[in-house]
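> got a structure for you, letters missing:
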């Protein structure tokens, strides 16, 4: 009986040591990039192409041909010096004044304490085209966030997320592309906040899903400020909600917020 008790005690000790070792490994430092990601750029639309008459052409048939033929027509030509469409500007996200953040509900199991974990990064890039003359022509370009640079109030949490759940050394970027703007007001006035939605394809952890952001924005001269928010489940991107046995468990739902300041690009 005593021998059996020693065996059980040894197994428990090994399990405890293993759990401690795993936790130490899980929360140990992970190398993180410090550079700003790069996103694809937009191109301003130009005014409608001009058309010029093409020279008339005539072809004389050979003796074996029934008749001669002649054709005339016009072909569109593009003038490289055409001005950009009036009212259209491209605004590039200023990473130094912008941020991307997540908010996730966590429960600490020991005392059943519930907190909202928040992680933030300034590693964000992208562009938007706003056309105040014809708002329906506005566009959103690719938006890229380096999620390996997300930081919360706990370095141990950050390292665990990078290493075990987001695997951000393998999949460092969250990429939003093919965005389509909807419900944009027909009249955009400077200094007046307006709201709209953007729907596109979000790729996280090498998994792509459609996602819709609710956006509020304000134009002030060459500056566009705004906030975009959306909610999604981590599991939809093949990411398990963080669960450190005996310590804490996170919910599946994530609130993603983009706080943006973008400045007009010189053309």
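Great, that's in hand. Just so you know, these numbers come straight off a predicted model, no measurement behind them.
> where does the prediction get shaky in the chain?
Counting by pLDDT under 70, the ranges of the chain that qualify are 1-30, 47-84.
> again, only this time at 90
Applying pLDDT under 90 to the chain picks out residues 1-34, 45-87, 108-112, 156-157, 164-165, 169, 242-248, 266-267.
> the longest strand in it is where?
strand 207-220 (DSSP state E).
> for it, packing partners?
strand 194-204, strand 223-233 (3 or more Cβ pairs under 8 Å, 6 or more residues apart in numbering; DSSP states H and E). Every C-beta, even on glycine, is put in place using the N, C-alpha and C of the backbone.
> parallel or antiparallel, which strands does the helix or strand just after the last one pair with?
On the C-terminal side of strand 223-233, the nearest following helix or strand under DSSP states H and E is strand 243-244. According to DSSP bridges, strand 243-244 forms sheet pairs with strand 248-250 (antiparallel).
> next secondary structure element downstream of the partner strand?
Trace forward from strand 248-250 with DSSP H and E and the next one is strand 253-264.
> counting contacts, what elements does that next one pack onto?
So strand 253-264, by 3+ Cβ pairs under 8 Å, 6+ apart, packs with strand 88-93, strand 99-108, strand 124-131, strand 223-233.
> go through the last one and flag the buried ones.
Of the residues in strand 223-233, those buried under the neighbour-count criterion (16 or more other Cβ atoms under 10 Å) are 224-226, 228, 230, 232.
> hmm, back to that, any chance of a markdown table for the helices and strands packed on strand 253-264, columns distance to residue 239?
Below are those laid out as a markdown table (distance: least, Cβ to Cβ, whole Å):
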| stretch | distance to residue 239 |
| --- | --- |
| strand 88-93 | 25 |
| strand 99-108 | 11 |
| strand 124-131 | 19 |
| strand 223-233 | 9 |
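> quick check: buried residues in the longest strand of the chain?
Those would be 211-213, 215, 217-219, for strand 207-220 by 16+ other Cβ under 10 Å.
> for these, which one is nearest residue 254?
residue 211 (11.0 Å; Cβ to Cβ).
> I figured that closest one hits residue 197, correct?
No. Applying Cβ atoms under 8 Å as the test, residue 211 and residue 197 come out as separate, 10.7 Å apart.
> out of the buried residues of strand 207-220, which one sits closest to residue 160?
residue 211 (24.8 Å).
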